[in-house]
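1. the sequence and its predicted three-dimensional model are supplied below.
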Amino acid sequence: MEVFTRVKEFAKEHTTGLAIVLITGTGLITIRRWMAGGVCRSKARLDGKTALITGANTGIGKETAVDLAGRGARVILACRDMGRANRAADEIRKRSGNGNVVVKQLDLASLQSARALAADVKASEERLDILINNAGIIMTPKSRTEDGFETHFGVNHLGHFLLTNSLLDLLKKSAPSRVVNVSSLAHETAQIHFDDLNMDGDSDDFNSYKQSKLANVLFSRELAKRLEGTGVTVYSLHPGLVYTEIARHLWPSLALWQRLFLQPIMVLAKSPWEGAQTTIYCAVDESLQNTSGLYYSDCAPKQAAPQACDDAAAKKLWDISASMVGLA
């Protein structure tokens, strides 16, 4: 799983000193600092600009909203649970000092909901400068969306695919503008099952999650190509190992030994604020304004897995996704 991959990566890079530092207090501090990752240093202001963030009522989405609102942006929180979203909006207004934070409903498990939100935004907003596809699920028990798609693929990929495409005209009108897709390190061990996108032949929910995260990176790559010359740039990213509510279905699915192993490691995980930094970096950093289609981690470019750089697969996924959501 992602957490095991992250720990293994650290161990591989610090083999000679790991045995020594782990027996000291400074060892834990060293690992914690490494796990915290990069911080967005940009001071860019967003006055007069509008950002839409999916799943912004909690976790890194909420921290991203606080940051962008603090820079002066009008921030739209697109969330499934309106009660929680309204409470989050109140908190974001207070923390950022910006009252221009609004809530709109979005259930990514429903194509109708994605279409309705896009129609609402196009009718009520004059511009859209930043679209952050942040919402996601992991290890949800085997299920289907209301449109019949495997839930991870439907929520993490298809819902955002339809929403983004439905808002492209407004993004182009507002250019220079950005689309930021939150993916995961988990894409590195994934594959797209073109012959079984609903993963009926695989009972492992984590494989379904990984496929959806690979789809995020491939979607970003193909979208960037299609938007060349429009002023709309696209970024995908890995936020890091972050302790948020997204793992609410993960913990019950683990064996006892996995829980015992993970419990002490989770104290080293990123806070939501730390986890939001790469998303914020991709959304605002001035150095990226002429860059598009790349993958980022810890506020820096990172080489995506080979299967995420496959242009033929990216185009094939686009074409299939367009057909699945009724855009073809």
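-> The structure has been received and is ready for your questions.
2. packing partners for the lengthiest helix in the chain?
-> Counting residues, the longest helix found in the chain (DSSP state H) is helix 205-226. Taking 3 or more C-beta pairs under 8 Å, 6 or more residues apart in numbering; DSSP states H and E as contact, the helices and strands that helix 205-226 lies on are helix 151-152, helix 159-166, strand 177-182, strand 232-238, helix 311-324. All C-beta atoms are positioned from the backbone trio N, CA, C, and that covers glycine.
3. other residues contacting the first one?
-> Contacts of helix 151-152 from elsewhere in the structure, counted by C-beta atoms under 8 Å, 6 or more residues apart in numbering, are 109, 137-138, 140, 142-145, 205, 208-209, 211-212.
4. and residue 280, how far is that from residue 324?
-> Between residue 280 and residue 324 the distance is 31 Å, computed by C-beta to C-beta, to the nearest Å.
5. I meant to write residue 169 there.
-> For residue 169, the distance to residue 324 equals 21 Å [C-beta to C-beta].
6. which one's more surrounded, these two?
-> residue 324 (20 against 12; other C-beta atoms under 10 Å).
7. apart from its neighbours in sequence, what residue is nearest the more buried one?
-> By the measure of C-beta to C-beta, 6 or more residues apart in numbering, the closest residue to residue 324 outside its immediate chain neighbours is residue 158, 6.1 Å from it.
8. which residues touch residue 298?
-> Contacts of residue 298 by C-beta under 8 Å, 6+ apart are 37-38, 240, 277-278.
9. again, only using 6 Å
-> Contacts here follow C-beta atoms under 6 Å, 6 or more residues apart in numbering; on that basis residue 298 touches 37-38.
10. residue 213 now?
-> Contacts here follow C-beta under 6 Å, 6+ apart; on that basis residue 213 touches 183-184, 186-187.
11. could you check the pLDDT of it?
-> Per-residue confidence for residue 213 comes out at a pLDDT of 98.
12. kindly report the same for residue 311.
-> Per the predicted model, pLDDT is 98 at residue 311.
13. please report how far it lies from residue 77.
-> On the measure of C-beta to C-beta, residue 311 and residue 77 end up 34 Å apart.
14. more neighbours, those two?
-> Per other C-beta under 10 Å, whichever of residue 311 and residue 77 has more neighbours is residue 77, with 28 against 11.
15. so what's the residue count around residue 270?
-> Other residues near residue 270 come to 21 when the count uses other C-beta under 10 Å.
16. if we can go back for a sec, what about the residue nearest to residue 324, neighbour count?
-> Burial of residue 158 is recorded as 26 neighbouring residues (other C-beta under 10 Å).
17. just residue 305 next, same as before
-> If you count neighbours by other C-beta under 10 Å, residue 305 ends up with 17.
18. quick check: it vs residue 217, distance?
-> 8 Å.
19. common neighbours of these two, please.
-> Overlap between the contact sets of residue 305 and residue 217, as judged by C-beta under 6 Å, 6+ apart, is given by residue 187.
20. shaky segments in this structure?
-> Low-confidence segments of the chain (pLDDT under 70): 1-36, 242-268.
21. swap the cut-off to 80 and go again
-> With pLDDT under 80 as the threshold, the chain has low-confidence stretches at 1-37, 241-269, 328.
22. tell me which residue is most central in it.
-> residue 182 (1.8 Å; C-alpha atoms, centre = their mean).
23. show me the contacts for the nearest residue in space to it that is not next to it in sequence.
-> Of all residues not flanking residue 182 in the chain, residue 134 sits nearest, at 4.8 Å (C-beta to C-beta, 6+ apart). The contact partners of residue 134, by C-beta under 6 Å, 6+ apart, come to 53-55, 61, 182.
24. follow-up on the earlier one: please report how far the residue nearest to residue 324 lies from residue 300.
-> Using C-beta to C-beta, residue 158 is found at 29 Å from residue 300.
25. these two touch, right, residue 155 and residue 135?
-> No - between residue 155 and residue 135 there is no contact, the gap being 7.3 Å when judged by C-beta atoms under 6 Å.
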